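> one predicted model, sequence on top.
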Amino acid sequence: MALHFSTRPANDNHQLPPPEAARTAPAHGAVMTTRAAPVLAVTRIATGFVFLWAFLDKTFGWHYATPGAKAWIDGGSPTRGFLSNVEVGPFQSMFRDWAGATWADWAFMIGLAGVGIAVIAGVALRIAATSGTIMMLMMWAAEWPLAQHTSGGAPSMSTNPLIDYHIIFALVLIISALTYAGNTWGLGRIWNALPLVERYPWLR
């Protein structure tokens, strides 16, 4: 007797419920299991917290990566310290020119806060994934892990020529958007049901 599996999405979000996805995986290649959704949710929230914490620490100078004297609210620049010390790669002069620029500070901080809040809440994950990936790729380019030595000849301390934590964060953001990870322990279902979001799916 032939078995027939339904591959029709069970809701308007084009996402199969985890039990159905696991049961019908041989038919459509799904990898979602009953335990995958919570794991993706935890991964999503943890990644969002990395972005949001960086925003908060740079804004208020909570003495982790940012000392209080360099807090953004006290006149410090969130980009000057990092970009002014770029010493590798073909874009080092460009990044140094951007260091401390008002537009760069605001763009960087808005990006950190926006991605962090959206990913933790599980909303607008496509926008968050796109903007977060662009941010991560630019930071990857600034550190340029391909180089073994800086422009001054010192070891670059790169541990991998291609894949570093920026690439991993970008991949997690993309996976979160593609798997509708915001629907579990997030506001994804509510967000996706909004008339504006239903009209413009790129807002999901």
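Happy to help now that I have it. Numbering: from 1, shown residues only.

> how about the helices in this structure?
For the chain, the helices defined by DSSP state H occupy 18-23, 25-28, 36-60, 80-83, 92-98, 102-121, 125-143, 165-178, 188-192, 195-199.

> by contact count, what packs against the third one?
Helix 36-60 is packed against helix 102-121, helix 165-178, with contacts defined by 3 or more Cβ pairs under 8 Å, 6 or more residues apart in numbering; DSSP states H and E. (C-beta placed from N, C-alpha, C; glycine too.)

> just the mean pLDDT for it, thanks.
Helix 36-60 shows an average pLDDT of 96 in the prediction.

> what sits up against stretch 153-171?
47, 50, 87-88, 132-133, 136-137, 139-140, 143-150 (Cβ atoms under 8 Å, 6 or more residues apart in numbering).

> how about 6 Å then?
Residues from elsewhere that reach stretch 153-171, judged by Cβ atoms under 6 Å, 6 or more residues apart in numbering: 88, 133, 136, 139, 140, 145, 146, 147, 148, 149, 150.

> how about it as PDB, C-alpha atoms only?
Presented in PDB, the C-alpha positions along stretch 153-171 are these (Å, rounded to 0.1, in the frame of the first residue of the first chain):
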ATOM      1  CA  GLY A 153      53.800  43.200  10.000                       C
ATOM      2  CA  ALA A 154      52.500  41.900  13.400                       C
ATOM      3  CA  PRO A 155      50.500  38.700  13.600                       C
ATOM      4  CA  SER A 156      46.900  39.300  12.900                       C
ATOM      5  CA  MET A 157      45.800  36.600  15.400                       C
ATOM      6  CA  SER A 158      43.300  35.300  13.000                       C
ATOM      7  CA  THR A 159      42.300  31.800  13.900                       C
ATOM      8  CA  ASN A 160      40.400  30.900  10.700                       C
ATOM      9  CA  PRO A 161      40.700  32.500   7.300                       C
ATOM     10  CA  LEU A 162      37.000  32.400   6.400                       C
ATOM     11  CA  ILE A 163      34.700  31.500   9.200                       C
ATOM     12  CA  ASP A 164      34.600  33.500  12.500                       C
ATOM     13  CA  TYR A 165      31.900  34.400  14.900                       C
ATOM     14  CA  HIS A 166      30.600  37.100  12.600                       C
ATOM     15  CA  ILE A 167      29.700  34.500  10.000                       C
ATOM     16  CA  ILE A 168      28.200  32.200  12.600                       C
ATOM     17  CA  PHE A 169      25.900  35.100  13.900                       C
ATOM     18  CA  ALA A 170      24.900  35.900  10.400                       C
ATOM     19  CA  LEU A 171      24.000  32.300   9.700                       C
END
